[in-house]
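Trainee: this is a predicted model, with the sequence first.
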Amino acid sequence: MFRAQTRAGRLTARTLLALPLVGRVVHLPADPLISSVALAALSFSLVDSGRVRGVLGATTITTVFYLATRGVGVAEAQAHVRSLLDLFDVASVDRAVLVAALDAGFDDFEDGVLHEAAVVAGVDAIVTRDGVGFSSASLPVFSPSAFLAAVRGHLR
């Protein structure tokens, strides 16, 4: 599991990020199979440095906790989740988000929930390795590398 030391403590790359693209916000769904630690590290560093705003999906927090408890135990998982909550805002999941996700046309309900939570949170784009899973998205969808390439020029 990837870990980064930040002002908020140690963080895991298995998370959902939402980052602004020069004043705009983008949503990055969880991807426990991130193949490039460098992409995850750069995304976290952008949030940690305050150069971009980060938002996690509420359901992702529970997923991160579950996966972390299997790997590092409850106490350390709690510490990781607290670090994430210190660094990121949270996109809420409520009845309206769940109903909207059912009606959004996604093949995968979880992807629909993440998308609708992102919409309600006011994000402007989704960043995911699962672009096919977000083919029904009303928001623009980027791969992690495409997102980082897009923000690179804007953050100089």
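Mentor: Received, thanks.
Trainee: all helices for the chain, in order.
Mentor: Using DSSP state H, the helices of the chain run over residues 37-48, 58-72, 74-87, 95-103, 109-121, 144-154.
Trainee: could you identify which of those is most buried?
Mentor: helix 109-121 (a mean of 23; mean count of other Cβ atoms under 10 Å). Every C-beta, even on glycine, is put in place using the N, C-alpha and C of the backbone.
Trainee: related to what we said a few turns ago, and the helices of the chain: which comes nearest Gly133?
Mentor: Distance to Gly133, taken as Cβ to Cβ, is lowest for helix 109-121 among these, at 4.5 Å.
Trainee: just want the angle from the closest one to helix 58-72.
Mentor: In terms of direction (axes from the mean of the first three to the mean of the last three Cα atoms, to 10 degrees), helix 109-121 departs from helix 58-72 by 130 degrees.
Trainee: next, the angle helix 95-103 makes with helix 109-121.
Mentor: For helix 109-121 against helix 95-103, the angle between stretch directions is 130 degrees (the same axes, to 10 degrees).
Trainee: okay, Thr128: pLDDT?
Mentor: At Thr128, the model reports a pLDDT of 79.
Trainee: show me the shaky parts of this structure.
Mentor: By pLDDT under 70, the low-scoring segments of the chain are 1-38, 155-156.
Trainee: in a markdown table, list the helices of the chain along with distance to Asp130.
Mentor: Listed next are the helices of the chain as a markdown table, based on distance: least, Cβ to Cβ, whole Å:
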| stretch | distance to Asp130 |
| --- | --- |
| helix 37-48 | 14 |
| helix 58-72 | 14 |
| helix 74-87 | 21 |
| helix 95-103 | 16 |
| helix 109-121 | 7 |
| helix 144-154 | 11 |
